[in-house]
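S.K.: Generate a structure from the sequence data that follows.
(chains A and B)
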Amino acid sequence: MSQLVAQSIVSGLLLGGVYGLVALGLALSFGVLHVLNVAHGELLMLGGYLAFFAFTNWGLDPFVSLPLVFIVMFGFGVLLYLCLFRFVTRTETHTRIKNSLLVSFGLALVLQALAVRFFTADERTISTAYSSEALTVWSIRIPVVRLAGLVVAVVAALALEWILSRTRFGKALRATSEDWTRAALTGIDVRRVYLIAFAVSAALAATAGSMVSLGYSVSPGIGLGWTLKALIVVVLAGLGSMRGIVVAGVALGLVESLASVWIGGQYREVTALVLFLIVLSFRPLGFFGRARA
Amino acid sequence: MPRAAGALLGLLVLAAAIAAGLTVGNQHVLTLTIQIMILAALATSWNILGGFAGQISLGHSAFFGLGALITRELWLGGQAFPVAVAAAVGVTALAAVVVGVPMLRFRDIYFAIGTLALGVAVYITAGNLWPGISSLPAEVLRSYDFTGPYFFALGVLVAAILVSVWLERSKLGLGMMTVREDEEAAKATGVDVFAHKLAAFVISAAVATLAGSAFAYFSVSHYPNFAFSVIWTFEAVLVVFIGGIGTLVGPLLGSIFFILGRDLMPTDVDEFQVVFFGLLFIVVVLLFPGGLSQAAGRLLGRAGERSTATDRPTAARGRS
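M.R.: Numbering: from 1, shown residues only, chains lettered A, B, ... in the order given. Predicted coordinates:
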């Protein structure tokens, strides 16, 4: 029994890392642009398919194709911003969030339908030569392809934190996120900041997608589920700390796996959702969030 | 007298719908009409909360599903259908109060995320508790025809629209719209913001329950959790925006457009319709926030009404 619990805890931690990675991108678009992109999960799905087809058609290892996926989806993010979200960010914050929710909801429907059309509804998983390999610690199996998800999440969070705190662009990003009108007055090109932040957000979703199609599986309908996970993680962590987001993601994965051991597999998500609602009631700014003026 | 004209037009449409229900034998036409009426009733209920009170809920399917589930279980369990419907409305209204009190403390986006989480949690739980398919028993099926479901769905839709008409004119409904426009200003003018949100939430849930009952009466067989699926929320939101949010006719126009459009589109590529409606939805949100009802209003010459409405304050200013 304790063996089973330990194994589920490890699986939960590893899955939680991917939750954190998906949430990083969402936190970026929500925190900087003040838009809520509910098509974030669909961007993850597209990234997962890119990695899958790069592997099956060109034999590219998912870690080799990772930069490629990042760049392609960065470009797709630029396109989405220029065609859709640019118009949303012209309105004031209050209507901005509502409109972005609605626009991205339409986008999610379109992307999902197109994925069914072109990629079929089948579940896909990248199966590499090392897919079945695992580290064994105290007889607990740690699949390497899933461990990779957690590692990528931590690396991405640290890189983002470094950019945000140490670079000039990061400063511009933080200033824009705090108050875009005043940021514009100090000479920051707010639209450029928005464009890059959104594109990086899309690219991060796709990075997570690569890891999902390597360690888990992708299909056209997975978007909403992942968006919901990312939303939960962002709300739990609050905006302000990238490391906090990965921690919250891991915590969510842990809670889910413990729930599936103690309450039953079919209630793992329900338990996480109910816990989320309770936390939201008592800590509306999240565990790592800072109050905003 | 544009109000009277609107009422007259409504009565004409209603008379046509009743006549159609009595005379049309074409099963396809009846099925489509029932689908339109159920979706329009659901969309109208969402519009009360989202359009009038300005609270974007993404968990609306929970109430539709609860209505369908309770009505169906009691009805097939041997209760009279009206009793089953009344029980469903009572239980959901109570559930809406219990859930609404904590949920409505969340503002804006947190309300949308919270209700989405709730809707998904209820959907999964319903699937776990009622895994088996729910089919009408043979003796009901033998006498099944579309007349009953048709007129019940029509009644539900009329009730939903009448509730909206009442809200649009009552102090309660005006209070909701004040909350939608500016919560601080609403507070300052003495409107109890929370009470108005809760009232909108409960009324909206009760009407969604009725739509769910209509679905329970109409459907020959379905998995109980299907009625809880987020698809119902999404379709309601979609048609409300396409039709025109915050208006009386918007949800109905949007539903007609959506169901007929879906029926007329090529069936060999199912995904095409979703792409079409998804893109249309984006275009409407970004470019035509008034939706179809605004466009239709212009075509039907309601522009005249609009201009008199805006002229009034100018005239008053002229007099003083």
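
S.K.: where exactly do the helices run in the stretch 201-320 of chain B?
M.R.: Using DSSP state H, counting those that start in this stretch, the helices found in the stretch 201-320 of chain B span residues B:230-243, B:250-264, B:270-287, B:291-299, B:303-319.

S.K.: Next, format those as JSON lines and append mean neighbour count.
M.R.: For every residue, glycine as well, the C-beta is placed using N, CA and C. Formatted as JSON lines, the helices of the stretch 201-320 of chain B follow (neighbours: other CB atoms under 10 Å in any protein chain shown):
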{"stretch": "helix B:230-243", "mean neighbour count": "25"}
{"stretch": "helix B:250-264", "mean neighbour count": "21"}
{"stretch": "helix B:270-287", "mean neighbour count": "18"}
{"stretch": "helix B:291-299", "mean neighbour count": "17"}
{"stretch": "helix B:303-319", "mean neighbour count": "10"}
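
S.K.: Can you tell me which of these is nearest to B:Q27?
M.R.: helix B:250-264 (13.2 Å; CB to CB).

S.K.: quick one on the thing from earlier: which stretch among the helices of the stretch 201-320 of chain B comes nearest chain A?
M.R.: Chain A sits nearest to helix B:270-287 of all the helices of the stretch 201-320 of chain B, at 3.7 Å, using CB to the nearest CB.

S.K.: follow-up on the earlier one: can the helices of the stretch 201-320 of chain B go into CSV with extra columns for mean pLDDT and distance to chain A?
M.R.: Output for the helices of the stretch 201-320 of chain B, formatted as CSV (pLDDT from 0 to 100; distance: least, CB to the nearest CB, whole Å):
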stretch, mean pLDDT, distance to chain A
helix B:230-243, 90, 7
helix B:250-264, 88, 12
helix B:270-287, 81, 4
helix B:291-299, 75, 12
helix B:303-319, 38, 22
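
S.K.: got those helices as TSV, with distance to B:L141 columns?
M.R.: Output for the helices of the stretch 201-320 of chain B, formatted as TSV (distance: least, CB to CB, whole Å):
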stretch	distance to B:L141
helix B:230-243	24
helix B:250-264	24
helix B:270-287	28
helix B:291-299	37
helix B:303-319	48
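
S.K.: To A:L28, which of those helices lies closest?
M.R.: Of those, nearest to A:L28 by CB to CB is helix B:270-287, at 22.0 Å.

S.K.: Go ahead and measure how far the strand or helix carrying B:F152 is from the middle of the chain.
M.R.: Per DSSP states H and E, B:F152 falls inside helix B:147-169. On the basis of CA atoms, centre = their mean, to the nearest Å, helix B:147-169 sits 10 Å off its chain's mean C-alpha point.

S.K.: What is the burial count for residue 192?
M.R.: Unless you meant another one, I'm taking chain A. 12 (other CB atoms under 10 Å in any protein chain shown).

S.K.: switch to chain B, that's the one I care about
M.R.: 13.

S.K.: What's the separation between the nearest residue to it once chain neighbours are set aside and B:A208?
M.R.: Computed as CB to CB, 6 or more residues apart in numbering or on different chains, the closest residue to B:D192 that is not its neighbour in sequence is B:G175, at 7.8 Å. Distance, B:G175 to B:A208, using CB to CB, to the nearest Å: 21 Å.

S.K.: of the two, who's got more company?
M.R.: When neighbours are counted by other CB under 10 Å, B:G175 and B:A208 differ, and B:A208 comes out ahead with 35 against 24.

S.K.: List the contacts of the more buried one.
M.R.: Applying CB atoms under 8 Å, 6 or more residues apart in numbering or on different chains, we find B:A208 in contact with B:42, B:45-46, B:60, B:63-64, B:67, B:92.

S.K.: Serialize those residues to a markdown table and add fields for neighbour count.
M.R.: Formatted as a markdown table, the contacts of B:A208 follow (neighbours: other CB under 10 Å):
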| residue | neighbour count |
| --- | --- |
| B:L42 | 33 |
| B:S45 | 31 |
| B:W46 | 30 |
| B:H60 | 28 |
| B:F63 | 35 |
| B:F64 | 32 |
| B:G67 | 31 |
| B:T92 | 28 |
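
S.K.: still on that earlier bit, what's the angle between whichever helix or strand the residue nearest to B:D192 is part of and helix B:147-169?
M.R.: Following DSSP H and E, one finds B:G175 within helix B:171-181. Going by axes from the mean of the first three to the mean of the last three CA atoms, to 10 degrees, helix B:171-181 is angled at 70 degrees with respect to helix B:147-169.

S.K.: Residues touching helix B:171-181, excluding its own?
M.R.: Applying CB under 8 Å, 6+ apart, the contact partners of helix B:171-181 are B:52-55, B:166-167, B:185-186, B:189, B:191-193, B:196-197, B:199-200, B:246.

S.K.: Of these, grab the buried ones for ChimeraX.
M.R.: The ChimeraX selection below is limited to those of the contacts of helix B:171-181 classed as buried (16 or more other CB atoms under 10 Å in any protein chain shown):
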select /B:52,53,54,55,167,186,191,193,196,197,199,200,246
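
S.K.: how close does whichever residue of the stretch 51-200 of chain B sits closest to chain A get to B:T115?
M.R.: Relative to chain A, the nearest point of the stretch 51-200 of chain B is B:A121 (4.1 Å; CB to the nearest CB). From B:A121 over to B:T115 the distance is 11 Å, taken as CB to CB.

S.K.: what does chain B have sitting close to chain A?
M.R.: Within reach of chain A by CB under 8 Å from any CB of the partner chain, chain B has these residues: B:56, B:102, B:105-106, B:108-110, B:112-114, B:116-118, B:120-121, B:124-125, B:128, B:230, B:234, B:237, B:241, B:269-272, B:274-275, B:277-279, B:281-282, B:285-286.

S.K.: can you pull out the strands in the stretch 1-150 of chain B?
M.R.: For the stretch 1-150 of chain B, strands defined by DSSP state E, counting those that start in this stretch occupy the ranges B:134-135.

S.K.: quick one: low-confidence ranges for it?
M.R.: The stretch 1-150 of chain B contains residues with pLDDT under 70 at B:1-2.

S.K.: Apply 80 and report the result again.
M.R.: For the stretch 1-150 of chain B, the stretches with pLDDT under 80 are B:1-6, B:19-22, B:24-25, B:107-109, B:138-144.

S.K.: how about the helices in the stretch 51-200 of chain B?
M.R.: B:61-76, B:81-103, B:108-129, B:138-142, B:147-169, B:171-181, B:183-188, B:193-218.

S.K.: Same list (the ones you listed) but as TSV, adding distance to A:L60.
M.R.: Compiled in TSV, these are given as follows (distance: least, CB to CB, whole Å):
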stretch	distance to A:L60
helix B:61-76	41
helix B:81-103	46
helix B:108-129	35
helix B:138-142	56
helix B:147-169	54
helix B:171-181	51
helix B:183-188	53
helix B:193-218	48
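
S.K.: Go through these and name the closest to A:T186.
M.R.: helix B:108-129 (27.4 Å).

S.K.: what's the angle from the closest one to helix B:193-218?
M.R.: 30 degrees.

S.K.: same for helix B:108-129, what does it pack against?
M.R.: For helix B:108-129, the elements it packs on are helix A:93-119, helix A:223-237, helix A:268-282, helix B:61-76, helix B:81-103, helix B:230-243, judged by 3 or more CB pairs under 8 Å, 6 or more residues apart in numbering or on different chains; DSSP states H and E.

S.K.: moving C-terminal of the helix or strand of chain A with the lowest mean pLDDT, what's the next helix or strand?
M.R.: Sorting the helices and strands of chain A by mean pLDDT, DSSP states H and E puts strand A:134-137 at the bottom, at a mean of 76. Next helix or strand after strand A:134-137 toward the C-terminus (DSSP H and E): strand A:140-143.

S.K.: contacting residues around A:L109?
M.R.: Neighbours of A:L109 in contact, by CB under 8 Å, 6+ apart: B:234, B:274-275, B:277-278, B:281.

S.K.: redo that, cut-off 6 Å
M.R.: B:274, B:278 (CB atoms under 6 Å, 6 or more residues apart in numbering or on different chains).

S.K.: quick one: stretch B:242-251 to chain centroid distance?
M.R.: How far stretch B:242-251 lies from its chain's middle: 10 Å, per CA atoms, centre = their mean.
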